[in-house]
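# I'll drop the sequence and a predicted model, then ask my questions.
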Amino acid sequence: MKSWVKIILINAAVTLALLLSLNAVCEIAVVGWKSIYIAKSDPRADLPAIANRARARTFFSEYRQLETQYAPFVDWSYAPFSGTAINIDQHGRRRTVGPDKGLTVHLFGGSAMWGDGVWDAETIPSTLTRALPGIQAVNHGQSAYVSRQGLIALMSVLNSYDPIDAAVFYDGANDVQVLCQVAASVNGHDQEAQMFDTMRRRTQRDQGAFRDMFFSGMLQFTNIISDKLRSMSHASPSQTCVGNPKRAKQIADAWWSNWLAARSILSDRGIPFLAVLQPVAGFGHPNISYLQTIEVAPAEYEAVYPLIREKMGAHSGWTLDLSEVFDGDEPRFIDWAHVSPEANTIIAERIATKLRTLIAAQFGEQALPKNR
């Protein structure tokens, strides 16, 4: 073998060995970082809105272990998980603690509906089963979902022939937070830009085995470092609704169209529908003096929420405005959009009152037992 060929082969072998070693070190570092991340206490557990901090710490410890999976048309959902505070089934739905018989109510929304910050028994769907006896609730909430994804998820339920006697949409935080961004389209979602970039780099699919062997650990490590640097810089996405009435109106109109479409689809089947405007820390006058950051500029909600509220005013029969339900001195929020277990009870009770009226109008007063 010629000497120059031998030198090339030796150098190639050394390079590959170094890549393998570096990738292994990065994978070990990622595992270590994830262990530290899971064990680290979430500062939200110590906020004044939290009455039972031990329970909150258990939730956040399990929450940091969750993974996502692909879900047709809505793009993602949580992967199955079994824990003390959090349990998720094979369909990506969080467990509702309540009766398994009675009228079936399906509830759609983002992480606030899913139950960020609270145990299974403290989510809005679980609490609703206690506030409205005679129903069983199905939790379709998923982190970062906008109303368009709720509409698609509703279609999936109807196509699956699952029992459905009523449906509730709980929207607001994500339609503003996600869609009032330069990188998002009015028909987009939270992962739009990332998925576009992944699909654009199709050639990587043919290099998957090579990439995983030599670079997977390094890629994970660099992603963690990149995310950490962004969080340290407190950089937030460029917002487009403030000072842009046309954009704010476009988002409000699309959001309202999603609600109208859901109501129309269900009305044709004789199924009651309730659309709820979600409270957020950046709108109204709640006590948020103890929150260090709201994450989303209140001005974004001031630009969009009034437009939705105006539309709701003429359709109060099937809408419920909870945007100012937490105005006052009592601490309710644990961050920009999520609330305490006690606050979820307030929300569930308001939904229960409205939903009882809608169900009675459709199925008769005998459909649900009277409140004791």
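That came in fine, so what should we check first?

# name the element the residue positioned nearest the centre of the chain belongs to?
Computing the C-alpha centroid of the chain and ranking residues by CA atoms, centre = their mean puts Ser143 first, at 1.6 Å. With elements taken from DSSP states H and E, nothing contains Ser143; it lies in neither a helix nor a strand.

# quick check, it in contact with Trp114.
Yes. Using CB atoms under 8 Å, Ser143 is in contact with Trp114, at 6.3 Å. C-beta here means a position set from N, CA and C on the backbone, and glycine is covered the same way.

# identify the contacts common to the two.
Shared contacts of Ser143 and Trp114 (CB atoms under 8 Å, 6 or more residues apart in numbering): Tyr78.

# list the contacts of the closest residue to the residue nearest to the centre of the chain other than its chain neighbours.
In space, Ser143 comes closest to Ser111 once its chain neighbours are excluded; the distance is 4.1 Å by CB to CB, 6 or more residues apart in numbering. Ser111 makes contact with Gly141, Gln142, Ser143, Ala144, Tyr145, Ala337, His338, according to CB under 8 Å, 6+ apart.

# ok, Leu103 next?
Leu103 sits in contact with Gly134, Ile135, Gln136, Asp165, Ala166, Ile359, Phe363, Ala367, Leu368, where contact means CB under 8 Å, 6+ apart.

# and for Glu300?
Applying CB under 8 Å, 6+ apart to Glu300 gives the contacts Val176, Gln177, Cys180, Gln239, Cys241, Val242, Gly282.

# out of the contacts of Leu103, which are buried?
In terms of neighbour count (16 or more other CB atoms under 10 Å), the buried residues within the contacts of Leu103 are Gly134, Ile135, Gln136, Asp165, Ala166, Ile359, Ala367, Leu368.

# my read is that the last one contacts Val105, right?
To tie it back to what came earlier, the one meant is Leu368. No. Applying CB under 8 Å, one finds Leu368 not in contact with Val105, separated by 10.7 Å.

# among the contacts of Ser111, which one has the most neighbours?
If you count neighbours using other CB atoms under 10 Å, the busiest of the contacts of Ser111 is Tyr145, which has 29 neighbours.

# helix, strand or coil for that residue?
coil (DSSP: H, G, I helix; E, B strand; the rest coil).

# burial check on the nearest residue to it once chain neighbours are set aside, number of neighbours?
If you skip the residues right next to it in sequence, Tyr145 has Gly110 as its closest partner in space, 4.6 Å away by CB to CB, 6+ apart. Other residues near Gly110 come to 28 when the count uses other CB under 10 Å.

# likewise the one 4 residues further on?
The burial count assigned to Trp114 is 27, neighbours taken as other CB under 10 Å.
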